[in-house]
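J.: Could you look at this predicted model? Sequence included:
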Amino acid sequence: MTANRGASRRSLTSDLARVDAHTVAPEEYEDLPELTDEMLVPASVNKGGRPVSANPRQLISLRLPADVIALWKATGPGWQTRMAERLSKVG
């Protein structure tokens, strides 16, 4: 029965040492098409990550009573954002 088997480690199932040791021979380049300007026209560079915020958040350390944190967490996901909005209203 497979239910009792532990999770096995995944393997790449490739010989990376052989791949790393391979050097490209000149005749291997004959199979590649020549790169043209028309091929590069639709190309674009996409930078990953989030857009830069106009008002970036700043990390601080704040000690609050456990019951206060529990009350905010009980309001559900997004509690930290709601807390920050409430604090910005009193400031």
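T.: Structure received.
J.: pretty sure Arg82 is touching Lys73, no?
T.: No - using C-beta atoms under 8 Å, Arg82 makes no contact with Lys73, being 10.8 Å away. Quick note: C-beta positions are derived from backbone N, CA and C, even for glycine.
J.: where along the protein do the helices fall?
T.: 16-21, 37-40, 66-73, 79-90 (DSSP state H).
J.: so which of these gets nearest Ser53?
T.: helix 79-90 (13.1 Å; C-beta to C-beta).
J.: Next one, pLDDT for Leu35 please.
T.: At Leu35, the model reports a pLDDT of 85.
J.: residues near it, how many?
T.: By the criterion of other C-beta atoms under 10 Å, Leu35 has 8 neighbours.
J.: Now do it against Ala17, distance only.
T.: As judged by C-beta to C-beta, to the nearest Å, Leu35 and Ala17 stand 30 Å apart.
J.: hang on, the earlier thing: is it possible to get JSON lines of the helices of the chain that adds mean neighbour count?
T.: Putting the helices of the chain into JSON lines (neighbours: other C-beta atoms under 10 Å) gives the following:
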{"stretch": "helix 16-21", "mean neighbour count": "8"}
{"stretch": "helix 37-40", "mean neighbour count": "8"}
{"stretch": "helix 66-73", "mean neighbour count": "10"}
{"stretch": "helix 79-90", "mean neighbour count": "11"}
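J.: got these as CSV, with distance to Gly48 columns?
T.: Below are those laid out as CSV (distance: least, C-beta to C-beta, whole Å):
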stretch, distance to Gly48
helix 16-21, 26
helix 37-40, 21
helix 66-73, 31
helix 79-90, 23
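J.: Out of those helices, flag the one nearest Leu59.
T.: helix 79-90 (12.0 Å).
J.: distance between that closest one and the chain's centre?
T.: 27 Å (C-alpha atoms, centre = their mean, to the nearest Å).
J.: cool, and stretch 69-83?
T.: On C-alpha atoms, centre = their mean, the centre of stretch 69-83 falls 25 Å from the chain's centre.
J.: Let me know the average pLDDT across that stretch.
T.: If you average the pLDDT values across stretch 69-83, you get 95.
J.: Residues in contact with that stretch: which ones?
T.: Stretch 69-83 is contacted from outside by no residue at all, using C-beta atoms under 8 Å, 6 or more residues apart in numbering.
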